[in-house]
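A.B. asks: Build the 3D model from these lines:
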Amino acid sequence: MTMTGKTHVGLGTAIGIALSNRLPGVMNIMSIAILVIASLLPDVDHPKSIFNKYILPVKSNRVKFIVYGSLGIALLIFNFKYERIPELNVAGAILIIVAFSSHRTGLTHSISGVIIFAFVANYIGNIYNDKNLVYYFILGYASHIIGDMFTNRGVPLFYPLRNKNIKFPISFRVGSKKGNVIEEIIIICSILYIAYNIPLLLRIKLGV
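C.D. replies: Coordinates of the predicted model:
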């Protein structure tokens, strides 16, 4: 079992808004979109995650292996022949790693994953002339990992140096009655905090 996507989105977005004043630049619509995407991205290694709901024709590890492996190899070949952009090589390698990964047993739920994905996010931010997007990406991605560290399964935080899953001393079992209540509380608190900051979000939308 895994913490639900809506819990990760709520938590990541709330944390991003709370810390936005401490980050370089000004928060904008793209920043919020990056927070949402990054808060979901670590679960890309799960065939039934929100991401794979729209990517995989069949929700199974075998299909995930074929789809992500093929995309990774195709991207590496394309980049080798036409572009020679280092960040695209990293993106292709990530896709191949995801193809081989099982949920919460490898790269995507580790510090190494944060660094590698942030490298690609920084490249995308530079394309759109927004060098500050990477900070929101790191916040969203890290919030997912920290959230999962409160679950009984934990995460392989120091992968590949160490495969042992790390969790906080206080944790809950995902899918249990207690776990469901905790997730609902997180979602409600996140929504209330985001709603409280609607004036800020409106200023972002209106460019004030």
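
A.B. asks: Where does pLDDT dip in the protein?
C.D. replies: Scanning the chain for pLDDT under 70 picks out 1-2, 103-104, 200-208.

A.B. asks: ranges for the helices of the protein?
C.D. replies: Using DSSP state H, the helices of the chain run over residues 5-19, 29-40, 50-55, 61-78, 86-100, 111-127, 133-148, 177-196, 198-206.

A.B. asks: Out of those helices, which one sits most buried?
C.D. replies: helix 133-148 (a mean of 23; mean count of other C-beta atoms under 10 Å). Heads up, the C-betas are built off the backbone N, CA and C, glycines and all.

A.B. asks: now for that one, which elements pack on it?
C.D. replies: Using 3 or more C-beta pairs under 8 Å, 6 or more residues apart in numbering; DSSP states H and E, the elements in contact with helix 133-148 are helix 5-19, helix 29-40, helix 111-127.

A.B. asks: Also compute the angle for the longest one relative to helix 133-148, please.
C.D. replies: Using axes from the mean of the first three to the mean of the last three C-alpha atoms, to 10 degrees, the interaxial angle of helix 111-127 with respect to helix 133-148 works out to 150 degrees.

A.B. asks: now helix 111-127, how far from the centre of its chain.
C.D. replies: Helix 111-127 sits 11 Å away from the centroid of its parent chain (C-alpha atoms, centre = their mean, to the nearest Å).

A.B. asks: ditto for stretch 150-165
C.D. replies: With C-alpha atoms, centre = their mean, you get 16 Å for stretch 150-165.

A.B. asks: And the contacts of it?
C.D. replies: With contact meaning C-beta atoms under 8 Å, 6 or more residues apart in numbering, stretch 150-165 is reached by 1, 3, 104-107, 109-113, 145, 148-149, 166-168, 170-174, 179.

A.B. asks: Span of that stretch from start to end?
C.D. replies: Start to finish, the residues bounding stretch 150-165 are 12 Å apart (C-alpha to C-alpha, to the nearest Å).

A.B. asks: before we move on, back to that, is it possible to get a markdown table of the helices and strands packed on helix 133-148 that adds distance to residue 86?
C.D. replies: Shown next, in a markdown table, are the helices and strands packed on helix 133-148 (distance: least, C-beta to C-beta, whole Å):
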| stretch | distance to residue 86 |
| --- | --- |
| helix 5-19 | 28 |
| helix 29-40 | 21 |
| helix 111-127 | 8 |
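
A.B. asks: Looking at those, spot the one closest to residue 141.
C.D. replies: Judged by C-beta to C-beta, the one of those that comes nearest to residue 141 is helix 29-40, at 4.3 Å.

A.B. asks: quick one, phi/psi of residue 150?
C.D. replies: Dihedral pair for residue 150: phi -90, psi 0, per degrees, to the nearest 10.

A.B. asks: can you pull the contacts of residue 15?
C.D. replies: Shown in contact with residue 15 (C-beta under 8 Å, 6+ apart): 139-140, 143.
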